[in-house]
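In: Here is my input; please provide its structure:
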Amino acid sequence: MAEKRLNWLYHHRQPREAHKQNNEITRRGKMSEIQLAGRVAVVTGAGQGMGRAIAQRLAAGGAKVAALDLNFEQAQESVAGCADPSVCMAYACNVSDSDAVNKTFAAVESKLGPVSILVNNAGIGRAPGDGSDQMYELMGKRNEEMANGEEPKTHVDHIVFMEDEGWRGVMGVNLDGVFYCTRAAVRSMVNADIKGSIISISSTAAQSGEGPVHYVTSKAAIVGLTRALARELGSRGIRINAVAPGPTNTPIMNGIPEQWIKDMEAAIPLGRMAEPNEIADAVSWLASDASSMCTGSVLVANGGSYFF
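Out: Got it, this is the predicted structure:
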């Protein structure tokens with residue numbers, strides 16, 4: 001049975017390049033279906049990877065997009081790639097700084113209008129003092145022991161090496177940043193008396209527990225925040241949802257050993273990581289009226305794997 005299953009997976013997996021071509025053809029056909037004209041969208045962490053894909057996807061649907069990133073030049077590059085750069089703007093913003101977030105949202109409102117879409121995409125996987133180097137070293141030793149057929153003796157105790165600075169560094173961006181930006185967006189929607197949609201990027205790590213402890217904790221907290229706010233803001237017509245990607249081909253994967261990436265992909269039924277545009281499609285659907293009955297939901301986009 002195991003051999004038959006492996007054969008089935010082998011024959012049904014598409015080569016990465018073939019998938020990209022087919023996916024792009026499908027995306028072009030669906031591009032006009034998501035209508036966001038007249039809406040103002042704020043996307044955090046929009047300077048590269050998933051954030052850039054999301055910003056450009058929302059712009060393609062007709063939204064005026066504010067691309068926020070710690071790196072202003074990268075945010076500008078994202079705006080330059082939007083369908084109509086003249087109605088999109090780049091902003092330098094540290095989402096872990098409450099005052100900076102409030103000032104940036106005020107600037108967005110004065111230039112583009114009240115915010116009706118927010119995508120909390122900004123996130124990091126490690127920070128100075130978080131013990132990641134020690135964790136990866138221990139994981140490497142443990143994997144070697146297992147590869148040699150030995151009973152693993154190495155313990156991967158990430159928390160032992162994590163300093164306060166490292167914990168706060170990741171939580172400050174991944175959780176505090178989501179709260180600060182969500183609060184600012186909700187204030188904008190309430191003051192303008194408009195309905196809106198807020199989407200936060202969580203992770204399947206929130207379900208599996210697989211990954212660095214601060215990262216997993218921050219992504220799990222996003223799910224709790226999403227569900228609590230969905231109850232709180234539903235009467236105003238403000239929808240709060242999350243997208244939980246599995247491993248995705250973005251810069252956050254940099255630094256992870258190549259063999260571990262291959263092992264991740266081998267465990268995914270679709271046989272590969274997600275591409276940023278695929279996550280952007282999921283986000284744009286949640287941002288649109290096509291998902292009008294969805295709030296408090298977590299849309300999982302992980303290729304069928306619940307182990308990474």
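
In: contacting residues around I124?
Out: G169, V170, V173, N174, I252 (Cβ atoms under 8 Å, 6 or more residues apart in numbering). Yep, even glycine has a C-beta here, placed from its N, CA and C like the rest.

In: Shouldn't the fourth one be within a strand?
Out: No - in this structure, N174 is helix, not part of a strand, as judged by DSSP: H, G, I helix; E, B strand; the rest coil.

In: residues in contact with it?
Out: N174 is in contact with A122, G123, I124, H214, Y215, S218, K219, I222, counting by Cβ under 8 Å, 6+ apart.

In: Angles on the backbone of the third one, please.
Out: Put plainly, it is I124. The phi/psi pair for I124 (degrees, to the nearest 10) reads phi -130, psi 160.

In: Equivalent analysis for the fifth one, please.
Out: Backbone dihedrals for Y215, given as degrees, to the nearest 10, come out at phi -70, psi -50.

In: That one and E73, how far apart?
Out: Note on Y215: its distance to E73, by Cβ to Cβ, to the nearest Å, is 26 Å.

In: Show me which of those two is the more surrounded one.
Out: Y215 (25 against 10; other Cβ atoms under 10 Å).

In: Pretty sure the more buried one sits against V170.
Out: Yes - with contact defined as Cβ atoms under 8 Å, Y215 counts as touching V170 (6.0 Å).

In: any residues in contact with both of those two?
Out: Common contacts of Y215 and V170 (Cβ under 8 Å, 6+ apart): G125, R126.

In: Measure how buried K153 is and give me the count.
Out: K153 has 8 nearby residues by other Cβ under 10 Å.

In: what's the residue nearest the centre of the chain sitting at in phi/psi?
Out: Among the residues of the chain, the one closest to the centroid is I201, at 3.6 Å (Cα atoms, centre = their mean). Here is the backbone geometry of I201 (degrees, to the nearest 10): phi -90, psi 110.

In: What is the burial count for the nearest residue to it once chain neighbours are set aside?
Out: With Cβ to Cβ, 6 or more residues apart in numbering as the criterion, I201 has its nearest non-adjacent residue at 4.9 Å, and that residue is N121. Residues near N121, counting by other Cβ under 10 Å, number 30.

In: Now N121. Its backbone dihedrals?
Out: Residue torsions, per degrees, to the nearest 10, at N121 are phi -110, psi -30.

In: dump the residue contacts of A53.
Out: Neighbours of A53 in contact, by Cβ under 8 Å, 6+ apart: P276, N277, I279, A280.

In: Tell me how many other residues crowd A80.
Out: 12.

In: Let's see the pLDDT reported for it.
Out: pLDDT recorded at A80 is 98.

In: where does it fall, phi/psi-wise?
Out: Residue torsions, per degrees, to the nearest 10, at A80 are phi -60, psi -30.

In: what do you get for N71?
Out: Torsion angles, degrees, to the nearest 10, at N71: phi -100, psi 100.

In: now it, nearest residue through space, not along the chain?
Out: The nearest residue in space to N71 (Cβ to Cβ, 6+ apart) is G47, at 4.8 Å.

In: Secondary structure class of that neighbour, three-state.
Out: Per three-state DSSP, G47 ends up coil.

In: residue contacts, it?
Out: Contacts of G47 (Cβ under 8 Å, 6+ apart): A67, D69, L70, N71, E73, Q74, A75, E77, S78.

In: mind listing the strands for the chain?
Out: Taking DSSP state E, the strands of the chain run over residues 40-44, 64-69, 89-92, 117-120, 196-201, 238-245, 298-301.
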